[in-house]
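Novice: here you go, sequence then predicted model.
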Amino acid sequence: MDVEDSDAARSFCVLLAEDNSFVSELFRYAVVRFQKELVGYESHDLLTAVTGQEALRMLQKRRADIVILDHYLPGITGCALVRKLRAMPNYQRTPILVISVGGSEIRQEAIEAGATHFMDKPVQLSQLLDTMRSLASKEQACQ
Amino acid sequence: MSVTAITRRPPRPRKILAIDDSKTVLASLRRALEQAGFAVQTACDPSEISAQDAQTAAAVVVDVQMEHVFGDDVVAFLRDVWKVSAPIYLFSSLPIEDLNQRARSAGANGAVCKSDGIDALLTQLNIALQAP
């Protein structure tokens, strides 16, 4: 399915999929801080999902500039979602960050699925901010 | 002449909110803090608490290295997003230099090493809660 993104040409959109309510709020806090640093965009959007299916539906309707996925989501796992996204024309180069417990095994699965970066839980918010900055610069370099 | 008896309710104990992923630590905290006259709410994970829980606490005690999140990030969130103004203390096994740095950065009032014991935490809490 194609993604409609013509209405969001000057908007920087982050999708966050995380089923732990507090972790989701904490990551949203970090994403909002990160988006405030961005210059050159008319607006910032943050999409939040608690299941893999919900995240996929959102990403089919609205293109995200950075995708942040927990691996252990209800339904579709984060890594399975990465594979689906990489098969979609609009998400072949989009920065995708997978965050999970599970260590090296999940890290390997995420990278093999096509994730741009993997972080072990718990994640220090300062490190998440640094990673988002790095991913955003890669995204801008690709445009 | 009639005499009206005035009955005064005893003051409600002040609530300490303790967040730690160790149930053993939480049980010890509950026992010690209740003996000291506090009401205690415990949570193994921050997802178990609401903003109101945090906003109605007289003080908050937070572990640092938890399963899903770092306690110093939780403190920054409580201060910035949930607008918690009560004293907050980090209570962790990390070295005190690291803990103090994390506490300062996050906006906590202080930090106590678990190796110093719950009495050390209680001393800090009593000082913070007696201040006008």
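Specialist: In hand now; what should we look at?
Novice: pLDDT wise, what is A:Leu46 at?
Specialist: The score at A:Leu46 is 96. That number is its pLDDT.
Novice: quick one, grab the pLDDT at the spatially most central residue of chain A.
Specialist: Nearest to the geometric centre of chain A sits A:Val67, at 1.5 Å (C-alpha atoms, centre = their mean). On the pLDDT scale, A:Val67 is placed at 98.
Novice: what about A:Leu85, helix or strand, and which?
Specialist: Using DSSP states H and E, A:Leu85 falls within helix A:78-86.
Novice: so how far is the helix or strand following that helix off the chain centroid?
Specialist: Of the helices and strands lying after helix A:78-86 in sequence (DSSP H and E), the nearest is strand A:96-100. In this view, strand A:96-100 has its centroid 7 Å away from the chain centroid, taken as C-alpha atoms, centre = their mean, to the nearest Å.
Novice: would you list every one of the helices in the chain?
Specialist: You didn't pick a chain, so chain A it is. According to DSSP state H, chain A carries its helices in the segments A:21-37, A:52-61, A:78-86, A:103-113, A:125-142.
Novice: can you look at chain B instead?
Specialist: So, for chain B - with DSSP H - the helices run B:23-35, B:51-55, B:71-80, B:96-106, B:118-130.
Novice: ranking those by burial, who's on top?
Specialist: Ranked by mean neighbour count, these are led by helix B:71-80 with a mean of 24 (mean count of other C-beta atoms under 10 Å in any protein chain shown). For the C-beta atoms, the positions are set from N, CA and C on the backbone; glycine is no exception.
Novice: who's in contact with the residue in chain A positioned nearest to chain B?
Specialist: Of chain A, the residue with the smallest distance to chain B, taken as C-beta to the nearest C-beta, is A:Phe22 at 3.8 Å. Residues near A:Phe22 by C-beta atoms under 8 Å, 6 or more residues apart in numbering or on different chains: B:Asp45, B:Pro46, B:Ser47, B:Ile49, B:His68, B:Val69.
Novice: and the two most separated of those?
Specialist: By the measure C-beta to C-beta, B:Ile49 and B:His68 form the most distant pair in the contacts of A:Phe22, at 13.3 Å.
Novice: who touches B:Ala86 in this structure?
Specialist: Here B:Ala86 is in contact with B:Ala54, B:Ala57, B:Ala58, B:Ala59, B:Val60 (criterion: C-beta under 8 Å, 6+ apart).
Novice: check what pLDDT it gets.
Specialist: 97.
Novice: over to it: give its phi and psi.
Specialist: phi -70, psi 160 (degrees, to the nearest 10).
Novice: as a markdown table, the contacts of A:Phe22 with distance to chain A, pLDDT and neighbour count would be great.
Specialist: Output for these, formatted as a markdown table (distance: C-beta to the nearest C-beta, whole Å; pLDDT from 0 to 100; neighbours: other C-beta atoms under 10 Å in any protein chain shown):
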| residue | distance to chain A | pLDDT | neighbour count |
| --- | --- | --- | --- |
| B:Asp45 | 7 | 95 | 17 |
| B:Pro46 | 4 | 96 | 25 |
| B:Ser47 | 4 | 95 | 17 |
| B:Ile49 | 8 | 96 | 20 |
| B:His68 | 5 | 92 | 20 |
| B:Val69 | 5 | 96 | 28 |
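Novice: near chain A, which residues of chain B show up?
Specialist: B:45-47, B:49, B:65-70, B:73-74, B:76-77, B:80-81 (C-beta under 8 Å from any C-beta of the partner chain).
Novice: now the helices of chain B in JSON lines, with distance to A:Arg83?
Specialist: Output for those, formatted as JSON lines (distance: least, C-beta to C-beta, whole Å):
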{"stretch": "helix B:23-35", "distance to A:Arg83": "38"}
{"stretch": "helix B:51-55", "distance to A:Arg83": "37"}
{"stretch": "helix B:71-80", "distance to A:Arg83": "30"}
{"stretch": "helix B:96-106", "distance to A:Arg83": "37"}
{"stretch": "helix B:118-130", "distance to A:Arg83": "47"}
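Novice: quick one on the thing from earlier: residues touching the residue nearest to the centre of chain A, list them.
Specialist: A:Val14, A:Leu15, A:Ala17, A:Ala55, A:Leu59, A:Leu85, A:Tyr91, A:Thr94, A:Pro95, A:Ile96, A:Leu97.
Novice: how close does the closest residue to A:Gln127 other than its chain neighbours get to B:Phe77?
Specialist: Computed as C-beta to C-beta, 6 or more residues apart in numbering or on different chains, the closest residue to A:Gln127 that is not its neighbour in sequence is A:Met119, at 7.0 Å. Here A:Met119 is placed at a distance of 18 Å from B:Phe77 (C-beta to C-beta, to the nearest Å).
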